[in-house]
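**Q** predicted model and sequence follow; I will ask about them next.
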Amino acid sequence: MKQLAIALALVAASGCVTVTYQRAGQRITPRTGQTLVFGRVRFSHDGQEFFPWNTDLFPTSAGTRIERHLWLLGLGRRAISAELHPDPDGSLAIWLASGDYALLGSIERSTTGAPPYEVVALVRVPAGAVAAYAGELMMHTETPPEGLSLSHGELGQASVLVLPIAIARATLEQRLGTLPQEPVLSPWCAGDFVPGFSDPHLARRGRELLDRGCDTNVSTDSSYP
């Protein structure tokens with residue numbers, strides 16, 4: 001815990017990741033040094049999908065409420081963003097400076113003495129592209145059998161679904177408007193090999209995974225769920 005507290009203090013002191021949301025009705029135009037990263041983040045519990053960014057969170061059978069909160073951590077300067085707020089269906093379209101990032105998650109909302117984070121996934125934002133498709137990042141949790149515990153973190157097991165780029169583009173354009181050029185593919189990197197937040201070598205190990213084209217727990221599908 002001491003190492004985690006030190007890591008959080010370093011993040012807080014290093015500045016912020018700037019995140020700008022692309023909204024419906026705004027024209028999509030190229031931005032110097034930035035790329036529009038788009039895709040979806042989805043959560044399910046015991047096979048039922050829920051949306052933690054809604055006011056009414058999905059209650060579990062035990063009567064408790066499942067919360068999921070997300071932030072982006074820049075792997076370069078260890079800078080962190082404000083909490084991310086995807087659309088109600090989990091869609092996310094944000095402008096980010098090129099570079100490598102870790103998507104952080106927590107079951108607690110960020111407060112004074114910030115909550116412990118999990119590294120949910122990594123993502124590389126390529127330079128020179130107007131838009132990059134990150135795919136569908138899906139987090140699955142289950143109620144463990146009595147007396148047993150699951151091996152994954154509190155946010156569950158992560159997997160990535162990558163749709164054909166033409167379908168992903170068409171879906172984005174129906175919501176937000178026409179892209180001025182073809183998006184590139186830069187999928188989430190998720191799985192058991194993603195380093196943890198308190199790992200002192202998170203940045204180096206994260207970049208090495210992204211350099212190798214991290215394809216752990218990534219699948220492709222021709223249909224859109």
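**A** Perfect, I can see it now. Residues are numbered from 1 along each chain as shown.
**Q** which residue ranges of this structure form helices?
**A** In the chain, helices defined by DSSP state H lie at 2-13, 165-176, 202-211, listed in chain order.
**Q** between those, which gets the lowest average pLDDT?
**A** Between the helices of the chain, the lowest average pLDDT goes to helix 2-13, which shows a mean of 44.
**Q** per-residue pLDDT, the nearest residue to Cys16 once chain neighbours are set aside?
**A** Distance criterion CB to CB, 6 or more residues apart in numbering; nearest residue to Cys16, sequence neighbours excluded, is Ala79 at 5.6 Å. (C-beta placed from N, C-alpha, C; glycine too.) If you check Ala79, the pLDDT there is 87.
**Q** how about Gln181?
**A** pLDDT, Gln181: 95.
**Q** surely it and Gly128 touch.
**A** No: with contact taken as CB atoms under 8 Å, Gln181 and Gly128 are classed as non-touching, separated by 10.7 Å.
**Q** how far does stretch 79-88 sit from the chain's center?
**A** 9 Å (CA atoms, centre = their mean, to the nearest Å).
**Q** buried stuff in it?
**A** Buried residues in stretch 79-88, counting neighbours by 16 or more other CB atoms under 10 Å, are found at 79-81, 84, 86-87.
**Q** now those residues as JSON lines including distance to Glu136?
**A** Output for those, formatted as JSON lines (distance: CB to CB, whole Å):
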{"residue": "Ala79", "distance to Glu136": "26"}
{"residue": "Ile80", "distance to Glu136": "24"}
{"residue": "Ser81", "distance to Glu136": "20"}
{"residue": "Leu84", "distance to Glu136": "15"}
{"residue": "Pro86", "distance to Glu136": "11"}
{"residue": "Asp87", "distance to Glu136": "13"}
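**Q** which one among the residues you listed gets closest to Glu154?
**A** Taking CB to CB as the measure, Leu84 is the one of those closest to Glu154, at 17.5 Å.
**Q** nearest residue to the closest one other than its sequence neighbours?
**A** Once its chain neighbours are removed from consideration, Leu84 has its nearest residue in Leu70; the separation is 4.4 Å (CB to CB, 6+ apart).
**Q** quick one: contacts for the one you found?
**A** For Leu70, the set of contacting residues under the criterion of CB atoms under 8 Å, 6 or more residues apart in numbering consists of 41, 83-84, 86, 103-105, 120.
**Q** so which two of the residues you listed are the farthest from each other?
**A** Every pair in the contacts of Leu70 was compared (CB to CB); the two farthest apart turn out to be Pro86 and Leu104, at 14.3 Å.
**Q** about what we covered before: pLDDT and distance to Leu155 for the contacts of Leu70 - can I get that in a markdown table?
**A** Listed next are the contacts of Leu70 as a markdown table, based on pLDDT from 0 to 100; distance: CB to CB, whole Å:
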| residue | pLDDT | distance to Leu155 |
| --- | --- | --- |
| Val41 | 96 | 11 |
| Glu83 | 91 | 14 |
| Leu84 | 93 | 14 |
| Pro86 | 93 | 14 |
| Leu103 | 96 | 10 |
| Leu104 | 94 | 10 |
| Gly105 | 92 | 4 |
| Val120 | 94 | 6 |
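**Q** can you tell me which of those are in strands?
**A** Counting by DSSP state E, the contacts of Leu70 place 41, 103-105, 120 in strands.
**Q** okay, the residues you listed in CSV with neighbour count and distance to Gln48 next?
**A** Output for the ones in strands among the contacts of Leu70, formatted as CSV (neighbours: other CB atoms under 10 Å; distance: CB to CB, whole Å):
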residue, neighbour count, distance to Gln48
Val41, 26, 16
Leu103, 25, 22
Leu104, 25, 24
Gly105, 26, 19
Val120, 24, 20
